[in-house]
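Chemist: next input, structure requested:
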Amino acid sequence: MNNFALYKPNTRRVMEQEYVHLGNLVYRQVDKYGEDKVALKYRNYETGSWVPVTWGDCLQQVILLGDALVAHGVKVQENVGIFSQNKPECLFVDFAAFHVRATTVPLYATSSPLQVQYIVNDAQIRYLFVGEQYQYDTAFQVFGYCHSLQQLVIFDRSVRKDPRDMTSIYFDDFFHIDEDKVDAAYEEADRRGEELSPDDLANILYTSGTTGEPKGVMLRHSNYDEAFRIHDLRLPPMGENDVSLNFLPLTHIFEKAWTYYCLRRGVTVCINLRPADVLQSLQEVRPTLMCSVPRFWEKVYQGVQERIARESGWRRELMQDALRVGRAHNIDYLRVGKTPPLMLRLRYKFYERTVYTLLKKVIGLENGNFFPTAGAAVSDKICEFAHSVGINMLVGYGLTESTATVSVFNSVGYEIGSVGEVMPDLEVKIGENNEILLRGKTITKGYYKKPVSTSQAIDEDGWFHTGDAGYLKGNHLYLTDRIKDLFKTSNGKYISPQALETQLVIDRYIDQIAIIADQRKFVSALIVPTYDLVEKYAAAHDIAYTSMEDLLRQPEILEFYHERIDTLQQQFARFEQIKRFTLLPEPFSMERGELTNTLKLRRSVVAEHYKEVIDRMYE
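Modeler: Below you'll find the predicted structure:
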């Protein structure tokens, strides 16, 4: 992170009111906690240490950056883009923009050039803040195709600018204001800060559509305020003694809303810059809170199972018994509000001081308060494991359009298999085809510049149609299917299968393709080649084979397809790209029910028929 700009004393008044606008949050927290309390931490990769950022530091950045935005001509409710991995600067831009009544538009750090181009043009972004070299290079590549874009503002000083680039500046240079504009910028920023409205648009969060064209979900400050209020009613106590590790992208509504909420509650937020470093960060930070996706807990569970498998004799039996005792104690009794029998309590206490504590220390979770988990389905086995060892995993369900949480576990009374109890004051009902419908103050009013998509998603009575199927059992919500043909990986990323399939099937060597991704770790594909062309390629390259099945296993053929697929999918973000594929020796057919009469793919049938093949790709 860059050095902070020089401090300018805060002479601005924060309105004392029950509703605290996000644009005033940093000001309020300085008044409440003082300038010296740590608000954020980030890792300095040169020293290997975690650097504290106080509320006073945050206030300096927010004041100076707000003035700079105004001086650069950013208007009320103008869209400001942030294209970066998680960094403190992302939050500084957010809160500064909010204070001068601008709107922030985050882009995923791994977005492709075409995705950046689409979002910048759709949101008419003039100023795009970029993180490191990849984001800068990607944005500069499409700069000429983004007619509204005026300037890239680079967070990282080590980024090498293109020699042709005459407009981009570094983050700390953005603060420099011409002397004749300083007073006017200060006064205008101050005036806007006094006119903050809950109806102001806070974010436009772009999500993938089934056609591959992103839709900008509009979230207002009133949506966030209501989300904070109902979380205050539902979640266990949390506050200034808690530490939250942030490693999901701040572009994602789950992490974004959670981080805003943590800062509002005075929690210290430790920002993990590189997702691959999360396990190291856990052991260094040892957080009390962390929101995560099921894939994280899947890795934890797999690690424990591998550890148990490596043990022998009494050690293995001891660990297995610890899991049995934990399940009985925490799930069979405490979960339903019952007191465990004395002997069970004593056995649990023994394992709590030995096995459970050791296990959590190895991961870095021994200080745990609670851990919200959403973004994809959580298997019952993993949920039971977490609660058995005393990890308070709060499984939930939500969408960008609902400002994250729709439902979440209570610490007591949760039902494994559900996605928790519906949040207070949020209306949920089950519509046609068992679709989950939502209505309430956290629900978006629509998609940015997409009235047709908005009217399709929100009916005349104000019910938002989620596209997810499920049912209610009391106040507990259960998910069953995904109505909308949009895949979500176990990492919580949305994938549009049609967009990939449409792009790849243009290749003459590909006859049919089925994208696999829903609830999986990454994207894979079943590919039906154009058999006669593959045979011709084999003949031209002297590739020997005994059958079509044998030919499609040849390394030369697999490498040939690998290169073609990589070329075709360059326009997609990395998490959307196919990582593994299988070439099928026979095509999908109507006779086996894999295709409809109009030759559309029946995904559920294909998934059933090729289950073993698909599972092998994820081994």
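
Chemist: which stretches of the stretch 201-350 of the chain have low pLDDT?
Modeler: Applying pLDDT under 70 to the stretch 201-350 of the chain picks out residues 208-212.

Chemist: helices of that one, start to end?
Modeler: 221-234, 253-264, 278-285, 294-310, 313-326, 342-351 (DSSP state H, counting those that start in this stretch).

Chemist: which residues are in contact with residue 447?
Modeler: Contacts for residue 447 were tallied using Cβ atoms under 8 Å, 6 or more residues apart in numbering; they are 215-218, 453-454, 457. Every residue, glycine included, has its C-beta placed from N, CA and C.

Chemist: quick revisit: the helices of the stretch 201-350 of the chain into TSV, with extra columns for mean neighbour count and distance to residue 148?
Modeler: Compiled in TSV, the helices of the stretch 201-350 of the chain are given as follows (neighbours: other Cβ atoms under 10 Å; distance: least, Cβ to Cβ, whole Å):
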stretch	mean neighbour count	distance to residue 148
helix 221-234	20	24
helix 253-264	23	24
helix 278-285	18	35
helix 294-310	16	36
helix 313-326	15	56
helix 342-351	14	60
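
Chemist: now those helices in TSV, with distance to residue 201?
Modeler: Putting those into TSV (distance: least, Cβ to Cβ, whole Å) gives the following:
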stretch	distance to residue 201
helix 221-234	8
helix 253-264	14
helix 278-285	32
helix 294-310	31
helix 313-326	46
helix 342-351	50
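
Chemist: thinking again about what came up before, closest to residue 190 among the contacts of residue 447?
Modeler: Checking the contacts of residue 447 against residue 190 with Cβ to Cβ, the nearest one is residue 218 at 26.7 Å.

Chemist: what distance do you get for that closest one to residue 247?
Modeler: According to Cβ to Cβ, to the nearest Å, residue 218 stands 26 Å off from residue 247.

Chemist: these two: who's more crowded?
Modeler: Set side by side, residue 218 and residue 247 show more neighbours around residue 247, with 24 against 21, by other Cβ atoms under 10 Å.

Chemist: contacting residues around that one?
Modeler: Contacts of residue 247 (Cβ under 8 Å, 6+ apart): 86, 255, 272, 275, 278, 281, 290, 292.

Chemist: dump those into JSON lines; add distance to residue 196 as well.
Modeler: Converted to JSON lines, those look like this (distance: Cβ to Cβ, whole Å):
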{"residue": "86", "distance to residue 196": "26"}
{"residue": "255", "distance to residue 196": "24"}
{"residue": "272", "distance to residue 196": "31"}
{"residue": "275", "distance to residue 196": "33"}
{"residue": "278", "distance to residue 196": "35"}
{"residue": "281", "distance to residue 196": "34"}
{"residue": "290", "distance to residue 196": "30"}
{"residue": "292", "distance to residue 196": "32"}
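
Chemist: ok so, going back, how about the contacts of residue 447 in CSV, adding distance to residue 103?
Modeler: What follows is the contacts of residue 447, written out as CSV (distance: Cβ to Cβ, whole Å):
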residue, distance to residue 103
215, 16
216, 10
217, 12
218, 9
453, 19
454, 17
457, 20
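
Chemist: any idea which of those is closest to residue 414?
Modeler: Closest approach to residue 414 among the contacts of residue 447 (Cβ to Cβ): residue 217, at 28.2 Å.

Chemist: neighbours of the closest one, how many?
Modeler: If you count neighbours by other Cβ under 10 Å, residue 217 ends up with 24.

Chemist: re earlier: pick the one among the contacts of residue 447 closest to residue 126.
Modeler: Nearest member of the contacts of residue 447 to residue 126, counting by Cβ to Cβ, is residue 216, at 16.3 Å.

Chemist: what about the nearest residue to the closest one once chain neighbours are set aside, how many residues nearby?
Modeler: Of all residues not flanking residue 216 in the chain, residue 448 sits nearest, at 3.3 Å (Cβ to Cβ, 6 or more residues apart in numbering). Neighbour count of residue 448, defined by other Cβ under 10 Å: 22.

Chemist: touching, residue 448 and residue 124? I think so.
Modeler: No - counting by Cβ atoms under 8 Å, residue 448 sits too far from residue 124 to count as a contact (10.2 Å).

Chemist: if I pick the residue nearest to residue 49 when sequence neighbours are not counted, what's in contact with it?
Modeler: Distance criterion Cβ to Cβ, 6+ apart; nearest residue to residue 49, sequence neighbours excluded, is residue 43 at 7.3 Å. Residues near residue 43 by Cβ under 8 Å, 6+ apart: 49-51, 272-273, 277, 281, 284.

Chemist: quick check: the farthest pair among the residues you listed?
Modeler: Across those, the longest distance by Cβ to Cβ is 15.0 Å; it joins 51 and 277.

Chemist: how far is stretch 191-202 from where the chain is centred?
Modeler: Here stretch 191-202 is found 27 Å from its chain centre; the criterion is Cα atoms, centre = their mean, to the nearest Å.

Chemist: likewise for stretch 351-366?
Modeler: So, by Cα atoms, centre = their mean, the centroid of stretch 351-366 is 28 Å from its chain's centroid.

Chemist: okay, how far is it across it, tip to tip?
Modeler: 14 Å (Cα to Cα, to the nearest Å).

Chemist: and for stretch 356-373?
Modeler: End-to-end span of stretch 356-373 (Cα to Cα): 20 Å.

Chemist: pull out the buried positions in it.
Modeler: Judged by neighbour count using 16 or more other Cβ atoms under 10 Å, the buried positions of stretch 356-373 are 356, 359-360, 362-365, 368-373.

Chemist: hang on, the earlier thing: give me the buried subset of the contacts of residue 43.
Modeler: 50, 272-273, 281, 284.

Chemist: which of the residues you listed lies closest to residue 207?
Modeler: residue 272 (23.0 Å).

Chemist: gap between the closest residue to the closest one other than its chain neighbours and residue 492?
Modeler: Leaving out its chain neighbours, the residue that sits closest to residue 272 by Cβ to Cβ, 6+ apart is residue 247, at 3.9 Å. Applying Cβ to Cβ, the value for residue 247 to residue 492 is 12 Å.

Chemist: same question, residue 271
Modeler: Applying Cβ to Cβ to residue 271 and residue 492 gives a distance of 18 Å.

Chemist: check residue 118 too.
Modeler: Distance check for residue 118 against residue 492: by Cβ to Cβ, it reads 21 Å.

Chemist: with residue 503 instead?
Modeler: Separation of residue 503 from residue 492 (Cβ to Cβ): 23 Å.

Chemist: show me which of these two is the more surrounded one.
Modeler: Per other Cβ under 10 Å, whichever of residue 503 and residue 492 has more neighbours is residue 492, with 21 against 17.

Chemist: my guess is that one meets residue 249, correct?
Modeler: No - using Cβ under 8 Å, residue 492 is not in contact with residue 249; the gap is 9.3 Å.

Chemist: and the residue nearest to residue 463 when sequence neighbours are not counted, helix, strand or coil?
Modeler: Closest residue to residue 463 apart from its sequence neighbours, by Cβ to Cβ, 6+ apart: residue 437 at 4.3 Å. At residue 437 the chain is in strand, as set by DSSP: H, G, I helix; E, B strand; the rest coil.

Chemist: and residue 437, how many neighbours does it have?
Modeler: Residues near residue 437, counting by other Cβ under 10 Å, number 19.

Chemist: verify the contact between it and residue 426 for me.
Modeler: No - counting by Cβ under 8 Å, residue 437 does not reach residue 426; the two are 11.2 Å apart.

Chemist: in terms of helices and strands, where is residue 41?
Modeler: strand 38-44 (DSSP states H and E).
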